[in-house]
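Visitor: What shape does this take:
(2 chains)
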2 protein chains.
Amino acid sequence: MSTTPFPPAGDKAALEHGSALTPRFDAHGLIAAVATHVETGEILMLAWMNAEALKLTIDTGEAHYYSRSRQALWKKGETSGQVQKVRELRVDCDQDAVWIKVDPQGDGGACHTGARSCFYRVWEDGRLVERP
Amino acid sequence: MSTTPFPPAGDKAALEHGSALTPRFDAHGLIAAVATHVETGEILMLAWMNAEALKLTIDTGEAHYYSRSRQALWKKGETSGQVQKVRELRVDCDQDAVWIKVDPQGDGGACHTGARSCFYRVWEDGRLVERP
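Guide: Residues are numbered from 1 along each chain as shown, chains lettered A, B, ... in the order given. Prediction:
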């Protein structure tokens, strides 16, 4: 995709209070995306979207991301079955991050390790401990 | 700070299941950090931490971030009073994102616009709508 499917960002007022989605992708063309479980509210994962992934997420209602390591667009759940049905999409004040509330399909998880959420470790007393 | 205060990342097994916090900062020395409200669970903001900000967050129990636009470390709430007391800190599977659950001080908000959360707009029917 040679052109971004989103309009350019307006001034500060438009960016913060306008009704136009004008995501501010970074120098690599990416925006941070956080997915929470629509029912439990827990954070499932944090990943990246390029313009194409964000547009596909909006158009299909299923989360698409961009892998920085593989440098490729991917649809979440394409191989794992953990497709994320998007129930709500929010953007932050300066439009450089999105928050999607999702209904995870398949086994209901999101992490390639088998954990439900990628954030399965808590910092406690100077070490990481695995916690639900 | 010329050296990172965290040990280097180990192999995949150590990264995903080890007890050592070995954050994988990006090429700019930053890691994404999501703050949720410890009581309501809502996402308040998504920002960035460099090694120093992450260490200060852990050591002081109050959230510190790194501003990409100002290229400077900042303590959340230093001017606004919206200090974020950190109640829990989690890291994700590949240690390139952190999730902090915070108790916001001051007026209890997190956004410079006056909104409680920075994610005050929802994508609905092709436009952004402000929603609690």
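
Visitor: Is the residue nearest to the spatial centre of chain A in a helix, a strand, or coil?
Guide: Closest residue to the average C-alpha location of chain A: A:Ala33 at 2.9 Å, with C-alpha atoms, centre = their mean. Following DSSP: H, G, I helix; E, B strand; the rest coil, A:Ala33 is assigned to strand.

Visitor: and it, how far is that from chain B?
Guide: Applying C-beta to the nearest C-beta, to the nearest Å, the value for A:Ala33 to chain B is 9 Å. C-betas here are computed from N, CA, C, even on glycine.

Visitor: can you pull the contacts of that residue?
Guide: When contacts are counted by C-beta atoms under 8 Å, 6 or more residues apart in numbering or on different chains, A:Ala33 is found next to A:46-49, A:54, A:63, A:65, A:97-100.

Visitor: Can you lay out those as CSV showing pLDDT and secondary structure?
Guide: Shown next, in CSV, are the contacts of A:Ala33 (pLDDT from 0 to 100; DSSP: H, G, I helix; E, B strand; the rest coil):
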residue, pLDDT, secondary structure
A:Leu46, 98, strand
A:Ala47, 98, strand
A:Trp48, 97, strand
A:Met49, 98, strand
A:Leu54, 98, helix
A:Ala63, 98, coil
A:Tyr65, 98, strand
A:Ala97, 98, strand
A:Val98, 98, strand
A:Trp99, 98, strand
A:Ile100, 98, strand
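
Visitor: among those residues, which ones are buried?
Guide: Buried by 16 or more other C-beta atoms under 10 Å in any protein chain shown: A:46-49, A:54, A:63, A:65, A:97-100, out of these.

Visitor: rewinding a little: between the contacts of A:Ala33, which sits nearest A:Gln84?
Guide: A:Ala63 (3.8 Å; C-beta to C-beta).

Visitor: Let me know the closest of the contacts of A:Ala33 to B:His28.
Guide: Nearest to B:His28 among the contacts of A:Ala33 is A:Trp48, at 14.1 Å by C-beta to C-beta.

Visitor: Against chain B, how distant is the nearest residue to that closest one once chain neighbours are set aside?
Guide: Of all residues beyond its chain neighbours, the one nearest A:Trp48 is A:Leu30 (4.5 Å), with distances taken as C-beta to C-beta, 6 or more residues apart in numbering or on different chains. According to C-beta to the nearest C-beta, A:Leu30 stands 10 Å off from chain B.
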